[in-house]
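K.L.:
Sharing a sequence plus its predicted fold:
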Amino acid sequence: METTIIKDLFRNTTNYENQEIKIEGWVRTVRDSKTFGFIELNDGSFFNNVQVVFNNNLSNFDEICKLTIGSSIAVTGKLIITPDAKQPFEIQATSVTVDNLSSQDYPLQKKRHTFEYLRTVAHLRPRTNTFNAIFRIRSVAAFAIHEYFQNNGYVYLNSPIITCADCEGSAEMFKLTTLDLDKPLPQKDGQTDFTQDIFGKKAFITGSGQLHGETFAHAFGKIYTFGPTLRSENSNTKTHANEFWMVEPEICFCDLEQLMDIEEDFLKYVVKVVLEKCPEELEFCDKFIENGLIEKLKKVCNSSFTRLDHKEAIDILKKADKEWEFQPEYGEDLAKEHEKYITEYFNGPVFVKNWPKDIKAFYMKLNPDEKTVAAVDLEVPGAGEIMGGSQREEDYDKLVNRMKELGIDTEELDWYLQLRKFGSTVHSGFGLGFERLLMYITGMQNIRDVIPFPRTPGNCDF
């Protein structure tokens, strides 16, 4: 008999009523008495479990009564509608076959486990309700991201992971080498001689695909990258990891105002898709992780995002009747407490734009005041900054001057500068930390709990 997936049983229950079917999966719980018992079974296709009822008519009844949590089994039986019970239907088993009897020391017994403990068994935690929900939402959200850009005429770019251009600050980038670190490194003029390394010069694991993305945007008009990003910063906060995923679109013939329109439309689209395709998972998250989560997400989809200058945001913060851990200042970044206050002040997502140039990257468009750049951060309730973008500097001379001010090697990035000589356009782009988005959508408070196998300082297990 062909196996039926549990998702089909829940989505098309009446099609299977009183039909004999076969399902396969893993035991979540088992309860038994002298003559009958119940198994909660999950096959990974759907968030909810199927209840299997078995009795002593089974030839291997005693064996089934001894099933352990985590065991894999195959069940054949009849689907019976149960309108007066908690579950909409159950499977009355006619046979149960054990594929693998899970060991008694299975780490995920039927009790509440802390997230800290579950990180130590990251290879097993997707089997729990919480992480089954989180990682299904991650899958759906990732597909929605691709779907949004593909539906809107963007070209998907696989930007390089390895780069020899120290354009993002080598202090935050992992170094890549084939030199034997267990032996004395080759020297030249008192420094490591990277001419003997695999690429003949110092190489890094890139922290962004943006610069390469801009080159393709000037050929295709609109592109996006979506892939792994690595940063070497030694940060142990709940929102930082050394390996995460980034979404980075680059759009030609697009200024800052148009960019904010795209960011808002994009975020609403992804959230709507998750609301539509993961109702059971979000209901679980709403109940057990963040109360009011679904209402928050629906509100974002139906609201207009506020737009204000960085200076205006600081004005609001300075006038606030509040004791700050970090005093808000006009020339400085916003702290987490500032982001939280601003989103609460406007009761929704807020674009903070036109930032002081001295705290932003070299490639951002210099505003006419020559003190600020056309940069924007999107702040959302509960998660703070979720996207960061800017209009890019399209003027060759201004970009070269800015790079020289910051001591950035223009020769190393000559290929990037050439974009400003060969058909430059007004163009913009943003970066979205995928895990930050997932924290916002699921209500999870720690980035380690929305990444399958988190890489953070001191932790590179599994």
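P.N.:
Nice, thanks for sending it over. Residues are numbered from 1 along each chain as shown.
K.L.:
Run through the helices of the stretch 251-400 of the chain in chain order.
P.N.:
Assignment of helices within the stretch 251-400 of the chain using DSSP state H, counting those that start in this stretch yields the ranges 256-277, 279-288, 293-301, 310-319, 336-346, 396-405.
K.L.:
List the contacts of F194.
P.N.:
T177, L179, G200, K201, K202, A203 (C-beta atoms under 8 Å, 6 or more residues apart in numbering). In short, each C-beta sits where N, CA and C put it, glycine included.
K.L.:
So which of these sit within strands?
P.N.:
A203 (DSSP state E).
K.L.:
of all the contacts of F194, which comes closest to T68?
P.N.:
T177 (47.5 Å; C-beta to C-beta).
K.L.:
Which strand or helix spans the nearest residue to S72 once chain neighbours are set aside?
P.N.:
Spatial nearest neighbour of S72, chain neighbours left out: D99 (4.2 Å); criterion: C-beta to C-beta, 6 or more residues apart in numbering. For D99, the element it lies in under DSSP states H and E is strand 89-100.
K.L.:
Return the set of buried residues in that strand.
P.N.:
Going by neighbour count (16 or more other C-beta atoms under 10 Å), the buried part of strand 89-100 is F89, E90, I91, A93, V96, V98.
K.L.:
Which one of those residues is nearest to L437?
P.N.:
F89 (35.0 Å).
K.L.:
residues contacting the closest one?
P.N.:
F89 neighbours (C-beta under 8 Å, 6+ apart): L9, T13, E17, V50, L79, I80, I81, T82.
K.L.:
What residues are bridge-paired with it?
P.N.:
Beta bridges link F89 to I81, judged by DSSP bridges.
K.L.:
Give the residue spans of the stretch 151-300 of the chain that score low on pLDDT.
P.N.:
166-171 (pLDDT under 70).
K.L.:
Kindly recompute the last result at 80.
P.N.:
Confidence mapping of the stretch 151-300 of the chain against pLDDT under 80 gives the ranges 164-171.
K.L.:
how about the helices of the stretch 51-200 of the chain, start to end?
P.N.:
So, for the stretch 51-200 of the chain - with DSSP H, counting those that start in this stretch - the helices run 61-65, 115-119, 129-151.
K.L.:
Tell me the spacing between the closest residue to N129 other than its chain neighbours and L317.
P.N.:
Nearest residue to N129, sequence neighbours excluded (C-beta to C-beta, 6+ apart): F284, at 6.3 Å. Distance from F284 to L317, counting by C-beta to C-beta, to the nearest Å: 36 Å.
K.L.:
before we move on, what about K201?
P.N.:
Distance from K201 to L317, by C-beta to C-beta: 45 Å.
K.L.:
Neighbour count for these two, which is higher?
P.N.:
L317 (20 against 10; other C-beta atoms under 10 Å).
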